[in-house]
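# Okay, predicted coordinates and the sequence, questions at the end:
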Amino acid sequence: MIKIENLTKIFDTPNGPVTAADQISMEVPEGEICVLLGPSGCGKTTTLKMINRIIPSTSGRVLINGEDTTGLNTVDLRRNIGYVIQQIGLFPNMTIEENIAIVPKLLGWPAARYKARAIELLDMVALDPSTFLKRYPRELSGGQQQRIGVARALAADPPVMLMDEPFGAIDPINREVIQDEFLKMQQALRKTIMFVSHDIDEAVKMANKIAIFRGGRLVQYDTPDDILAHPKNEFVENFVGDDRALKRLRLVQVSHVMEPRPPHVQPGDSLQTALQRMEQHGYSHAILMVNDRKQPVGYVAKSICQTLQGYCGEHYIGLKACVKPQDDLRKVASLMFNHDATWLPCVDENGVLAGQVTQRGITHHLGATYRKSSSADAALSPAPAVSA
């Protein structure tokens with residue numbers, strides 16, 4: 001949807017020309033989010049603003065849906081690109097409804113249509129239209145104003161959105177909520193989005209692709225997982241941080257590492273049966289217990305089975321936590337640390353056992369990327385000389 005070819009911007013300054021963006025080339029597929037990252041002055045915001053010509057490029061070109069935008073009228077170009085900035089930029093003398101309807105009005109939409117669109121978008125950003133439609137920006141919190149900024153950018157249903165640190169000025173709790181709401185919208189709307197951020201954690205959470213800039217150049221353009229697992233050079237490695245392996249936990253859902261149909265017992269099974277199943281499957285500490293609806297309710301410790309007689313329902317220990325297949329591994333790791341656990345049961349929406357996730361399974365999954373990389377490097381290396 002967005003294709004950038006050799007995009008360059010050179011500013012004339014009293015001290016001579018300064019290259020802010022140097023031969024930037026990249027593509028953003030339709031329906032994906034690309035986050036531009038890098039230190040201050042690296043060229044990411046300049047690159048973003050050249051797409052809708054807030055900053056004119058020195059050379060290179062931008063294509064949107066295959067069309068070269070160089071010859072397009074600037075006003076028409078911007079009306080077809082949603083734009084969200086950190087400062088939000090709502091007009092203080094206009095109601096929320098009027099702010100959202102600005103571009104649809106300019107495009108000649110009838111009043112009934114743009115009013116309905118404002119109501120639809122307020123619902124979409126989780127703000128009650130009956131409460132907020134006639135309010136003014138000064139009557140809203142910063143987080144609510146930022147939601148309106150996103151709604152306004154979506155008003156005319158543009159295929160492309162540009163976002164310049166849109167959540168950077170919001171407190172961490174509200175930022176997390178708004179990010180989650182935005183990702184829900186994106187699942188339904190499938191916009192093509194370029195997004196400037198300074199926060200690697202935000203980029204990992206939001207992006208399909210991450211572009212890392214340095215000194216006006218594009219250093220690495222890849223998926224979040226590949227950037228974290230295989231930083232191109234020392235600069236990228238330092239930029240993403242020493243905890244990059246932990247950051248990867250956010251990218252993996254439980255369903256990707258879950259062991260389906262784990263061994264388990266029921267309250268009416270004997271402790272001897274539980275012990276036999278543990279030994280059969282190589283379990284050294286405990287086995288899961290489910291009720292008659294196949295819902296996990298606790299576990300039976302191996303030490304109990306080895307020393308007592310009776311039934312599992314008389315000697316089980318209650319569960320402290322469960323996870324769902326759609327949860328990410330960061331949540332799993334946090335629960336494991338909080339409860340001193342090495343495994344957790346996974347349940348579906350009805351609480352029925354779906355599988356289990358283990359520390360060993362998580363480690364194996366994350367390590368697979370590095371093992372594949374090592375194998376590929378070995379395959380590319382020349383074979384050692386063999387002496388006669």
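Arrived safely, thanks for sending.

# in terms of contact, does Leu329 touch Gly361 like I think?
No - look at Leu329 against Gly361 with Cβ atoms under 8 Å: they stay out of range, at 9.7 Å. Any C-beta I mention is one placed from the backbone N, CA and C, and that applies to glycine too.

# who's more crowded, the two?
Neighbour comparison, Leu329 and Gly361: the larger count goes to Leu329, with 24 against 19 (by other Cβ atoms under 10 Å).

# show me the contacts for the closest residue to the more buried one other than its chain neighbours.
Among residues not flanking Leu329 along the chain, Leu249 sits closest, at 4.0 Å (Cβ to Cβ, 6 or more residues apart in numbering). Leu249 sits next to 328-330, 332-333, 362, 366 when contact means Cβ atoms under 8 Å, 6 or more residues apart in numbering.

# give me that answer again for 10 Å
For Leu249, the contact set (Cβ atoms under 10 Å, 6 or more residues apart in numbering) comprises 204, 243, 328-334, 362, 366.

# Overlap in contacts, Leu329 and Gly361.
254, 256-257.

# low pLDDT regions in the stretch 51-200 of the chain?
In the predicted model, the stretch 51-200 of the chain carries pLDDT under 70 at residues 87, 169.

# what are the ranges of the helices in it?
Secondary structure of the stretch 51-200 of the chain (DSSP state H, counting those that start in this stretch): helices at 74-79, 96-100, 102-106, 111-124, 129-132, 142-154, 172-189, 200-206.

# What residues sit buried inside the fifth one?
In this case it means helix 129-132. By neighbour count on 16 or more other Cβ atoms under 10 Å, the buried set for helix 129-132 is 129, 132.

# Could the C-alpha coordinates of it be exported in PDB?
Output in PDB follows, covering the C-alpha atoms of helix 129-132 (Å, rounded to 0.1, in the frame of the first residue of the first chain):
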ATOM      1  CA  PRO A 129     -21.700   9.400  21.900                       C
ATOM      2  CA  SER A 130     -24.600  10.600  24.100                       C
ATOM      3  CA  THR A 131     -22.000  11.900  26.600                       C
ATOM      4  CA  PHE A 132     -19.200  13.200  24.400                       C
END
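
# hmm, who's touching that helix?
Taking Cβ under 10 Å, 6+ apart as the rule, helix 129-132 contacts 95-97, 115, 118-123, 125, 139-140, 144, 147-148, 151.

# Repeat the analysis, applying 7 Å as the threshold.
Contacts with helix 129-132, where a contact means Cβ atoms under 7 Å, 6 or more residues apart in numbering, come from 96, 119, 122-123.

# which of the contacts of Leu249 has the weakest pLDDT?
Lowest pLDDT within the contacts of Leu249 is found at Leu366 (81).

# Ignoring the adjacent residues along the chain, who's closest to Ala245?
Leu366 (6.4 Å).

# I should have written Asp199 there, sorry.
Nearest to Asp199 is Gly168, by Cβ to Cβ, 6+ apart, at 7.5 Å.

# Could you report the neighbour count for the one you found?
16.

# Surely it is in contact with Gln86?
Yes - assessed by Cβ atoms under 7 Å, Gly168 is found in contact with Gln86 at 4.8 Å.

# any idea how far the residue nearest the centre of the chain lies from Pro224?
Note on the chain: the residue nearest the mean C-alpha position is Lys205, at 2.4 Å, using Cα atoms, centre = their mean. Counting by Cβ to Cβ, to the nearest Å, the separation of Lys205 from Pro224 is 8 Å.

# Domain parsing of this protein, as residue ranges.
Per the record, the chain has its domains at 2-251, 254-363, by automatic domain parsing.
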